[in-house]
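Novice: When you get a sec, could you give me coordinates for this:
(one chain, ligands or ions: 1)
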Amino acid sequence: MRIAVIGTGYVGLVSGACFSEFGVSVTCVDTDCAKIARLQRGEMPIYEPGLDELAAANTGAGRLAFTDDLAPAIEGADAVFIAVGTPSRRGDGHADLSYVFAAAEEVGRALAKTRAGGYTVVVTKSTVPVGTGREVASILGRVCPSARFDVASNPEFLREGSAIEDFMRPDRVVIGADSERARAVMRQLYWPLYLIETPMLFTDIETAELIKYAANAFLATKITFINEIADLCERVGADVQDVAKGIGLDGRIGRKFLHAGPGFGGSCFPKDCRALVRTAREAEANLSIVERVVQVNEARKARMADKIIAACGGTVASKTIAVLGLTFKPNTDDMRDAPSLEILARLAAAGGTIRAFDPAGIAEARKLLPDLVYCRDAYETMEGADALVLLTEWNEFRALDLTRVGGLLAEKLVIDLRNIYEPAEMAAAGLCYISIGRSPKLARA
Ligand SMILES: NC(=O)c1ccc[n+]([C@@H]2O[C@H](COP(=O)([O-])OP(=O)(O)OC[C@H]3O[C@@H](n4cnc5c(N)ncnc54)[C@H](O)[C@@H]3O)[C@@H](O)[C@H]2O)c1
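Specialist: Residues are numbered from 1 along each chain as shown. Model prediction:
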């Protein structure tokens, strides 16, 4: 089979590389010529574990190619995946669909140039609001009335940092399509996953579009719920780690996404929750839980800055704060909507000097937080600092030499917004330790 993937971001690139690993001939297309030039040289524009090797192997085998020229990529393709960005639209929080619609127009123009008689499934892999698939179909029909095509929705559930494993062994594949012919093409493309008994949910296009938003909103709600429980734990002297374990062992609740922290961020949850809220408002449906989740999460970032300032004795003016971790989660270089952006901007506005280190995110962070002092490793960051803040739970921050940490810090204060250390081990190292949802009495234990 042959496919084209439009957009070589986190989703397009990973999907393209993984489909080529399935034996499909894949051409990835992007309008960003510099990105395509890098990909053609074998350089990955994003940090994603395992992607370099996977792309190199499949490019070498002749199954994966990169181009900025859409028309030849589409010629004879069984399916064209649209995997361009759908960021929040400024002002109203709706998904900005301009990239998706532009891609649909380009696909329509390219189909018009290809030989007659072919059949193509145009698949939206981007996260798009209900109704977008129909809109894509009407664009294609208008731009290329002679084309024989179907539109399908195939939302992507991969997580940055474990994207390849998630694509290769997903919990499920969701496919929204109206015609049996389109379903057959999609089934054939995902055949290797069918063979390993991956659940395949075939549904209509609107339902597939909504499943993606409902999934992200549910996960965001779970995180926000445990964050609020963590705040309550701090007030009443309980331990949120044990509360999470105690409820998570209930199969109806599940253990995942019950890690209290500084609030969710990243390129998906915030924008997708906002877009879902817009969809509900336009449909005059009540989605007050998700609306509240968005508000609570936004407020949490400011509260995290206040928590750090309070831990520093009420002010960070003229103080130096060492920060470990800037990306919204470990194993990615993605800084979009990372909690660090707001938290650190607030600390800087309050007069703090911030020394920071992140294993993969510094190049992106420099563009968004130019005034930070960027360091080469965790320990250099701490030299002479008045507090250490753990902001992203990269593995390399989980086993710091606490004696060395104490020796480097001017004030032996550690604020752990990811609960990656035990209060007792911090106390044993002589460090004042403040974490999330664990009351000070636990730190003294
Ligand atoms: N990042 C994730 O973890 C993730 C997970 C699941 C779903 N999604 C969804 O997948 C979609 C893509 O997300 P992403 O993070 O990969 O985006 P991204 O911003 O990293 O990449 C988008 C790419 O599309 C390219 N592009 C834009 N318009 C184009 C056009 N007309 N033709 C060709 N290329 C074009 C851009 O140059 C860019 O390289 C979004 O809808 C997102 O919500 C993302």
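Novice: out of everything not next to it in sequence, what's closest to the residue of the chain found nearest the ligand?
Specialist: Residue of the chain nearest the ligand, by C-beta to the nearest ligand atom: Gly9 (1.9 Å). Using the backbone N, CA and C atoms, a C-beta is placed for each residue, glycine as well. The spatially closest residue to Gly9, leaving aside those adjacent along the chain, is Gly85, at 6.3 Å (C-beta to C-beta, 6 or more residues apart in numbering).
Novice: returning to that earlier point: would you enumerate the residues in contact with the residue of the chain closest to the ligand?
Specialist: Ile46, Ala83, Val84, Gly85 (C-beta atoms under 8 Å, 6 or more residues apart in numbering).
Novice: Likewise for Glu364?
Specialist: Glu364 is in contact with Thr327, Asp333, Asp334, Met335, counting by C-beta under 8 Å, 6+ apart.
Novice: what's the most distant pair in these?
Specialist: The largest separation in the contacts of Glu364, counting by C-beta to C-beta, is between Asp333 and Met335 at 7.3 Å.
Novice: Show me the helices in the stretch 201-350 of the chain, by range?
Specialist: Counting by DSSP state H, counting those that start in this stretch, one finds helices in the stretch 201-350 of the chain at the ranges 205-236, 240-248, 269-282, 288-311, 339-349.
Novice: Make JSON lines out of these and add mean neighbour count, mean pLDDT and distance to the ligand.
Specialist: Shown next, in JSON lines, are the helices of the stretch 201-350 of the chain (neighbours: other C-beta atoms under 10 Å; pLDDT from 0 to 100; distance: least, C-beta to the nearest ligand atom, whole Å):
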{"stretch": "helix 205-236", "mean neighbour count": "19", "mean pLDDT": "98", "distance to the ligand": "7"}
{"stretch": "helix 240-248", "mean neighbour count": "17", "mean pLDDT": "98", "distance to the ligand": "23"}
{"stretch": "helix 269-282", "mean neighbour count": "21", "mean pLDDT": "97", "distance to the ligand": "7"}
{"stretch": "helix 288-311", "mean neighbour count": "18", "mean pLDDT": "98", "distance to the ligand": "16"}
{"stretch": "helix 339-349", "mean neighbour count": "21", "mean pLDDT": "98", "distance to the ligand": "16"}
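Novice: Distance to Phe167 added to these, as JSON lines?
Specialist: Shown next, in JSON lines, are the helices of the stretch 201-350 of the chain (distance: least, C-beta to C-beta, whole Å):
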{"stretch": "helix 205-236", "distance to Phe167": "15"}
{"stretch": "helix 240-248", "distance to Phe167": "26"}
{"stretch": "helix 269-282", "distance to Phe167": "19"}
{"stretch": "helix 288-311", "distance to Phe167": "27"}
{"stretch": "helix 339-349", "distance to Phe167": "26"}
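Novice: who wins for proximity to Asp68 among those helices?
Specialist: helix 269-282 (26.1 Å).
Novice: give me phi/psi at Arg358?
Specialist: You called it Arg, but residue 358 is Asp. phi -140, psi 140 (degrees, to the nearest 10).
Novice: residues in contact with it?
Specialist: By C-beta under 8 Å, 6+ apart, Asp358 lies in contact with Leu324, Gly325, Leu326, Thr327, Ala365, Thr392, Trp394.
Novice: now, which of these lie within strands?
Specialist: Secondary structure from DSSP state E places Leu324 of those in strands.
Novice: Quick one: the contacts of Asp358 as JSON lines, columns for distance to the ligand, neighbour count and pLDDT too.
Specialist: Converted to JSON lines, the contacts of Asp358 look like this (distance: C-beta to the nearest ligand atom, whole Å; neighbours: other C-beta atoms under 10 Å; pLDDT from 0 to 100):
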{"residue": "Leu324", "distance to the ligand": "23", "neighbour count": "29", "pLDDT": "98"}
{"residue": "Gly325", "distance to the ligand": "18", "neighbour count": "27", "pLDDT": "98"}
{"residue": "Leu326", "distance to the ligand": "17", "neighbour count": "29", "pLDDT": "98"}
{"residue": "Thr327", "distance to the ligand": "12", "neighbour count": "29", "pLDDT": "98"}
{"residue": "Ala365", "distance to the ligand": "16", "neighbour count": "23", "pLDDT": "98"}
{"residue": "Thr392", "distance to the ligand": "16", "neighbour count": "28", "pLDDT": "98"}
{"residue": "Trp394", "distance to the ligand": "17", "neighbour count": "24", "pLDDT": "98"}
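Novice: picking up where we left off before, overlap in contacts, Asp333 and Met335.
Specialist: With C-beta under 8 Å, 6+ apart as the test, Asp333 and Met335 both reach Thr327, Gly361, Glu364.
Novice: Got the phi and psi for the residue nearest to the second one when sequence neighbours are not counted?
Specialist: Taking C-beta to C-beta, 6+ apart, and ignoring the residues beside it in sequence, Gly361 has Thr327 as its nearest neighbour in space, at 3.9 Å. Here the main-chain torsion angles of Thr327 (degrees, to the nearest 10) amount to phi -70, psi 160.
Novice: Next up, the contacts around Thr327.
Specialist: Neighbouring residues of Thr327 by C-beta under 8 Å, 6+ apart: Asp333, Asp334, Met335, Ala338, Ser340, Asp358, Ala360, Gly361, Glu364, Ala365, Thr392.
Novice: Find the nearest non-adjacent residue to Met304, please.
Specialist: Pro262 (4.5 Å).
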